[in-house]
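**Student:** Pasted the sequence and its predicted model underneath.
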Amino acid sequence: MSRIGKKEIIIPNNVSVIINDKEILVKGKKGELLHNLSELVEIEATEKIIKLKIKDKIKKTQSIYGLSRSIISNMITGVSEGFEKRLTIEGVGYRSHIEGKNLILNMGYSHSITIKPPKEVNIKVENNTSIFISGINKEQVGQIAATIRSVRPPEPYKGKGIRYENEIIKRKVGKAGK
């Protein structure tokens, strides 16, 4: 049985949750999110608490159980507080800027890379080397951050590339000379 799935979700005062069959709509000050729950999970809601229950004790149901609880919890956090990721660019000549809503990265390739975010995700660039990604959907914010990082992941010898703000890069020792 999932320990995460057993936890109840507490709904803050500024968030409203509407449940229609297997569809859950969460509205808050930052926006609204919609999610369709699996048929394997049942949902019980009161005014301030949401609880999930499983129908059968099969492995697929138990894995969906914890996942569904996490998704609903992230939806509530997203519409009330939002999610953010920060990326840092390190390296000589590596920089970024915003054109319209698109992020333009100059990462030492012969061409610049353009990343078009979804309309729910906001990207800001501070001093050409700090990228700030924010939005209400945790999955989209994390996916855009991972896409930007994958353009030039940090390399282990000098640490050049794009990394998350608190990411620690294990450095390797270079080639020993004779």
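**Tutor:** Done, it's in. Numbering: from 1, shown residues only.
**Student:** Geometric centre of this protein: which residue is closest?
**Tutor:** Centroid check for the chain by Cα atoms, centre = their mean gives Gly142 as the closest residue, at 2.9 Å.
**Student:** Assumed that residue was part of a helix.
**Tutor:** Yes. Gly142: assigned to a helix according to DSSP: H, G, I helix; E, B strand; the rest coil.
**Student:** who's Ile24 bridged to?
**Tutor:** Beta-bridge partners recorded for Ile24 (DSSP bridges): Ile19, His35.
**Student:** In contact with it, which residues?
**Tutor:** Residues in contact with Ile24, defined by Cβ atoms under 8 Å, 6 or more residues apart in numbering, are Val17, Ile18, Leu34, His35, Asn36, Leu37, Ile43, Ile72, Met75. Every C-beta, even on glycine, is put in place using the N, C-alpha and C of the backbone.
**Student:** before we move on, the earlier item: Arg149 versus the residue nearest to the centre of the chain, what's the distance?
**Tutor:** 10 Å (Cβ to Cβ, to the nearest Å).
**Student:** quick one on the thing from earlier: with neighbour count, distance to Phe132 and pLDDT added, can I get the contacts of Ile24 in CSV?
**Tutor:** Formatted as CSV, the contacts of Ile24 follow (neighbours: other Cβ atoms under 10 Å; distance: Cβ to Cβ, whole Å; pLDDT from 0 to 100):
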residue, neighbour count, distance to Phe132, pLDDT
Val17, 20, 29, 90
Ile18, 12, 31, 90
Leu34, 11, 26, 92
His35, 14, 26, 92
Asn36, 9, 31, 93
Leu37, 18, 32, 89
Ile43, 18, 34, 86
Ile72, 24, 26, 92
Met75, 24, 22, 93
